[in-house]
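> What shape does this take:
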Amino acid sequence: MEAVHLYTDGGASGNPGPGGYGAILLWGGHRREFFGAFRLTTNNRMELLAVIIALEGLTREGVEVVVFSDSKYVVDAVAKGWLFNWEKKSFKDKKNPDLWKRFLKIYRVHNVSFQWVKGHAGNTMNERADELAVSAYQQGPLEIDTAYEALQ
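Residues are numbered from 1 along each chain as shown. Sure thing, here's the model as predicted:
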């Protein structure tokens, strides 16, 4: 079975501010897009949520997935193993533990690897993921990022 390619992006206007995520899942000639937005959030939350939502959208377990992201926060946390040390320390003093825990749950169902791509550098799928994220928070509807807003 060939690997699923997943292109993700997220952003926030104001950081914190209104924010959105976008993701494109490509596999065997199929394409599926995901997007959503929140009234108050951060760019890092949206970068991570883009990956989570798309992985949760897979219909089978044990899928090989290559995630292409311009987020050093997300890519390095997983690829460099920081996330697993944060988990061992119960995410003490780390931001976004709610999303990291949600990520780990779906991450462990699949065989996921990450590849960093430079943002806004002409990568067609990364640009499309950015368009999805931006249009989501510009056009709405805007959901409430309950976990984030509870900390404000």
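> Poorly predicted segments of the protein, please.
Applying pLDDT under 70 to the chain flags residues 1.
> ranges for the helices of it?
Along the chain, the stretches classed as helices by DSSP state H are 43-56, 72-79, 82-88, 97-107, 124-139, 146-150.
> what would those helices look like in CSV with distance to residue 11 and mean neighbour count?
C-beta coordinates here come from the backbone N, C-alpha and C atoms, glycine included. As requested, the helices of the chain are arranged in CSV below (distance: least, C-beta to C-beta, whole Å; neighbours: other C-beta atoms under 10 Å):
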stretch, distance to residue 11, mean neighbour count
helix 43-56, 5, 24
helix 72-79, 12, 18
helix 82-88, 21, 14
helix 97-107, 15, 17
helix 124-139, 5, 19
helix 146-150, 15, 13
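> mind listing what the closest residue to residue 8 other than its chain neighbours touches?
Nearest non-adjacent residue to residue 8, counting by C-beta to C-beta, 6 or more residues apart in numbering: residue 50, 3.8 Å away. Residues in contact with residue 50 (C-beta atoms under 8 Å, 6 or more residues apart in numbering) are 8, 9, 10, 21, 22, 23, 34, 69, 129, 133.
> Farthest-apart pair in these, please.
34 and 69 (13.7 Å; C-beta to C-beta).
> So those two - more neighbours on which side?
Counted by other C-beta atoms under 10 Å, residue 34 and residue 69 do not tie: residue 69 has more neighbours, with 26 against 22.
> so the more buried one touches residue 8, yeah?
Yes. Using C-beta atoms under 8 Å, residue 69 is in contact with residue 8, at 5.0 Å.
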